[in-house]
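S.K.: This is a predicted model, with the sequence first.
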Amino acid sequence: MKKAFFLLAAIIYNFSGFAQNVTGTVKDENGEPLPGVTVLVLGTSNGTTSDFDGNFTIESSVGDILRFSYLGMKTKEAPATSDKQMNIVLIEDASALDEVVITAFGVEKKQKSLGYSVTQVKAENLNLAG
């Protein structure tokens, strides 16, 4: 009976060692933290987002691939490591940003797909209002 108990305990201990909490920080090329970065474990529904300081915590196993995505940045994939602390740098992807029109209904659409007139206001014109 004791052998069976110790065998069962050893098996549970080994399986509990596979999953771990991986923490880290996501920053841009200038070292600024990125809040709201989506962090996903590929092949699972396990995900999280980074906080205001770019910090994240996610449960994964060593070797799991983590995908980091953020609007205007290139998506990056990195393996979860055994040291549990990851420092990720995302690179700007200007091609990912496209012209978006916000309609009166609050629906975002590309200007080409609209069937009605659109007025474009540039940022420099908004600054002149003061």
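M.R.: Everything's here; your move.
S.K.: and whichever strand or helix holds I58, which residues are buried?
M.R.: Here I58 sits within strand 55-61, counting by DSSP states H and E. Applying a neighbour-count criterion of 16 or more other CB atoms under 10 Å, one finds F56, I58, S60 buried in strand 55-61. Glycine gets a C-beta too; all of them are placed from N, C-alpha and C.
S.K.: Stretch 66-78 now?
M.R.: L66, F68, Y70, M73, K76.
S.K.: could the buried residues of strand 55-61 go into CSV alongside pLDDT and distance to E29?
M.R.: Listed next are these as CSV, based on pLDDT from 0 to 100; distance: CB to CB, whole Å:
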residue, pLDDT, distance to E29
F56, 93, 18
I58, 91, 23
S60, 89, 25
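S.K.: follow-up on the earlier one: so which two of the buried residues of stretch 66-78 are the farthest from each other?
M.R.: L66 and M73 (14.8 Å; CB to CB).
S.K.: could I get the buried residues of stretch 66-78 as TSV with distance to V41, pLDDT and secondary structure?
M.R.: Formatted as TSV, the buried residues of stretch 66-78 follow (distance: CB to CB, whole Å; pLDDT from 0 to 100; DSSP: H, G, I helix; E, B strand; the rest coil):
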residue	distance to V41	pLDDT	secondary structure
L66	6	93	strand
F68	11	95	strand
Y70	17	91	coil
M73	19	89	strand
K76	14	94	strand
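S.K.: Closest one to D28 out of the residues you listed, please.
M.R.: Once CB to CB is applied, the member of the buried residues of stretch 66-78 that ends up nearest D28 is M73, at 7.2 Å.
S.K.: ok, how many other residues are close to the residue lying closest to S82 once chain neighbours are set aside?
M.R.: Nearest residue to S82, sequence neighbours excluded (CB to CB, 6 or more residues apart in numbering): V62, at 5.0 Å. Neighbour count for V62, taken as other CB atoms under 10 Å: 15.
S.K.: Mind splitting this protein into its structural domains?
M.R.: 20-94, 96-127 (automatic domain parsing).
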